[in-house]
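>>> Next one to model:
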Amino acid sequence: MRYLHVPGPLVYLGARAKGVAHPEARGMADQFAVVVRRGLDGVRVYSPDLEDLIERPAIDLKTYVRTAPGPG
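Have a look, this model is predicted:
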């Protein structure tokens, strides 16, 4: 399982959409890229063992759909 890839430009656009000025939005996107690339967020980005990564037993999709909380 891999870390969800969010491109830096998407982080920038999200910040700009929230009203953040260009220089700050660019800096946020750059910092985001550095943190994810270097693993500075303390999250292991790869594990061959799904259960080890999510720290609970894996379940199949049918069970998840049946037991997942609804929206809201």
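>>> can you tell me which helix in the chain is longest?
Longest among the helix segments of the chain by residue count, using DSSP state H, is helix 22-38.
>>> mind listing what's buried in it?
Judged by neighbour count using 16 or more other CB atoms under 10 Å, the buried positions of helix 22-38 are 25, 26, 28, 29, 32, 36. For the C-beta atoms, the positions are set from N, CA and C on the backbone; glycine is no exception.
>>> Mind giving me the packing neighbours of it?
With contacts defined as 3 or more CB pairs under 8 Å, 6 or more residues apart in numbering; DSSP states H and E, the secondary structure elements packing on helix 22-38 are helix 8-17.
>>> Now do the helix it packs on and helix 22-38, the angle between them.
Orientation check (axes from the mean of the first three to the mean of the last three CA atoms, to 10 degrees): helix 8-17 against helix 22-38 gives 140 degrees.
>>> Just the buried positions in helix 8-17, please.
Within helix 8-17, the residues that qualify as buried are 8, 11, 12, 15, 16, counting by 16+ other CB under 10 Å.
>>> what's the nearest residue to the last one if we skip its chain neighbours?
With sequence-adjacent residues excluded and distances taken as CB to CB, 6 or more residues apart in numbering, residue 16 is closest to residue 25, at 4.9 Å.
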